[in-house]
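Participant: could you look at this predicted model? Sequence included:
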Amino acid sequence: MDLEIYDETKNGVPEEHVQLVKDVLEYAGKYIKLKENTEMSVTFVNNDRIQEINREYRGVDRATDVISFAIEDSAEDDEFPIVMDEELEEEIPENIGDIFVSVDKVGEQAEYLEHSYERELGFLVVHGFLHLNGYDHMEPEDEKVMFKLQRDILDAYGLKR
């Protein structure tokens with residue numbers, strides 16, 4: 001997976017947390033069998049910035065833990081689809097979107113839930129990653145599927161609760 005990481009936090013994100021995010025997302029991508037050339041980004045922010053994003057894009061004026069922006073690029077919706085052979089299509093990277101994570105919320109929630117910062121960080125990026133891949137939890141049946149998958153990924157990776 002081609003993963004871009006951006007750090008917009010005030011104090012910077014420790015390298016071991018950046019590496020954890022890279023590793024857990026690479027693992028999650030293999031777990032759900034994504035194409036190797038899938039692209040996405042993760043941006044670390046503080047509460048004030050994620051509150052701005054939440055307000056602007058979701059109409060909710062409060063900080064949240066993670067926000068995902070999926071790129072839903074469907075040829076069916078395209079007025080002028082690009083026609084290419086399967087081999088060429090496999091070579092073109094697919095960008096699935098962007099995740100924003102509040103490092104402040106990671107710390108707050110890890111403390112509240114009494115587990116490690118690393119477990120909470122892994123949970124949030126996998127949660128956002130699954131949203132980018134079409135999973136949701138708005139309906140009870142969808143929630144069961146998504147939450148089981150994120151638990152399975154985190155447990156298999158070694159970030160158990």
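Facilitator: Ah, there it is.
Participant: ok, the residue nearest to Phe123 when sequence neighbours are not counted - contacts?
Facilitator: In this structure, Phe123 finds its nearest non-sequential neighbour in Leu154, 6.2 Å apart by CB to CB, 6 or more residues apart in numbering. Placement of C-beta: from N, CA and C, glycine included. Contacts for Leu154 (CB atoms under 8 Å, 6 or more residues apart in numbering) come out as Val24, Arg119, Gly122, Phe123, Val126, Lys160, Arg161.
Participant: is it true that the last one touches Glu114?
Facilitator: This points to Arg161. No: applying CB atoms under 8 Å, one finds Arg161 not in contact with Glu114, separated by 9.5 Å.
Participant: looking at these two, which one has more neighbours?
Facilitator: Per other CB atoms under 10 Å, whichever of Arg161 and Glu114 has more neighbours is Arg161, with 12 against 7.
Participant: what's around the closest residue to the more buried one other than its chain neighbours, how many residues?
Facilitator: Distances taken as CB to CB, 6+ apart put His115 closest to Arg161, at 5.6 Å, once the chain neighbours are dropped. Using other CB under 10 Å, His115 has 15 other residues around it.
Participant: what's the separation between His115 and Val106?
Facilitator: Between His115 and Val106 the computed distance is 11 Å (CB to CB, to the nearest Å).
Participant: ditto for Asn54
Facilitator: For Asn54, the distance to Val106 equals 16 Å [CB to CB].
Participant: what's the answer for Leu132, then?
Facilitator: 18 Å.
Participant: please say which of those two ends up with more neighbours.
Facilitator: For Leu132 and Val106, the more surrounded residue by other CB under 10 Å is Val106, and the numbers stand at 24 against 20.
Participant: where does that one fall, secondary structure wise?
Facilitator: Taking DSSP states H and E as the criterion, Val106 maps to helix 103-113.
Participant: what packs against whatever helix or strand comes next after that helix?
Facilitator: As assigned by DSSP H and E, the chain's next helix or strand after helix 103-113 is helix 117-132. The helices and strands touching helix 117-132, judged by 3 or more CB pairs under 8 Å, 6 or more residues apart in numbering; DSSP states H and E, are helix 15-31, strand 38-45, strand 66-70, strand 94-102, helix 103-113, helix 140-157.
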